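*Asks:* Test case, fold it:
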Amino acid sequence: MNPADYLYANGHLPPSQSMEIENWIGLIERLGLPTILIGACMFYIWKTQLAHRAEIQEWSAKDSKADERLIEVIKEQNQRNEHFATAISGLTISNKDVVKSNERLAGEIKGMAEALIVKRR
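*Replies:* Next up is the predicted model:
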């Protein structure tokens with residue numbers, strides 16, 4: 001250990017450390033305890049505001065990254081939706097063609113059935 005860390009035999013700190021404590025005590029005596037407490041509170045508030053500001057900036061950066069990712073996901077989903085819309089449109093057209101051919105076949109079957117019924121009579 002450093003010799004300056006030990007107390008003197010009479011219980012006092014070495015001169016460099018005791019001078020520092022004496023300076024603090026003198027400051028408190030001159031300014032008063034309420035002034036020192038107000039200063040300490042102001043320092044605490046200042047430090048917490050700095051920490052809060054850093055925290056808000058960190059949150060903002062995370063939100064920006066999340067927003068960018070969400071925009072990319074939405075763009076991807078829109079592309080998929082366009083693909084599905086094209087596919088559904090093609091299916092609708094093919095279903096309309098199937099319906100027309102079924103109607104034509106139904107008409108032909110009806111005509112054949114009528115012709116068979118007429119021949120049998």
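
*Asks:* Roughly how far does residue 71 sit from residue 32?
*Replies:* Using C-beta to C-beta, to the nearest Å, one obtains 58 Å as the distance from residue 71 to residue 32. C-beta here means a position set from N, CA and C on the backbone, and glycine is covered the same way.

*Asks:* just residue 112 next, same as before
*Replies:* Between residue 112 and residue 32 the distance is 115 Å, computed by C-beta to C-beta.

*Asks:* And residue 55, by the same measure?
*Replies:* According to C-beta to C-beta, residue 55 and residue 32 sit 35 Å apart.

*Asks:* And the pLDDT at residue 13?
*Replies:* Predicted confidence (pLDDT) for residue 13: 57.

*Asks:* do residue 31 as well
*Replies:* 80.

*Asks:* Also residue 92?
*Replies:* Here the pLDDT value assigned to residue 92 is 89.

*Asks:* for it, what are its contacts?
*Replies:* Going by C-beta atoms under 8 Å, 6 or more residues apart in numbering, residue 92 touches no other residue.

*Asks:* for this structure, what are the low-confidence residue spans?
*Replies:* By pLDDT under 70, the low-scoring segments of the chain are 1-19, 120-121.

*Asks:* ok, 80 please
*Replies:* 1-19, 24, 27-28, 115-116, 118-121 (pLDDT under 80).

*Asks:* Scan it for its longest helix.
*Replies:* helix 33-120 (DSSP state H).
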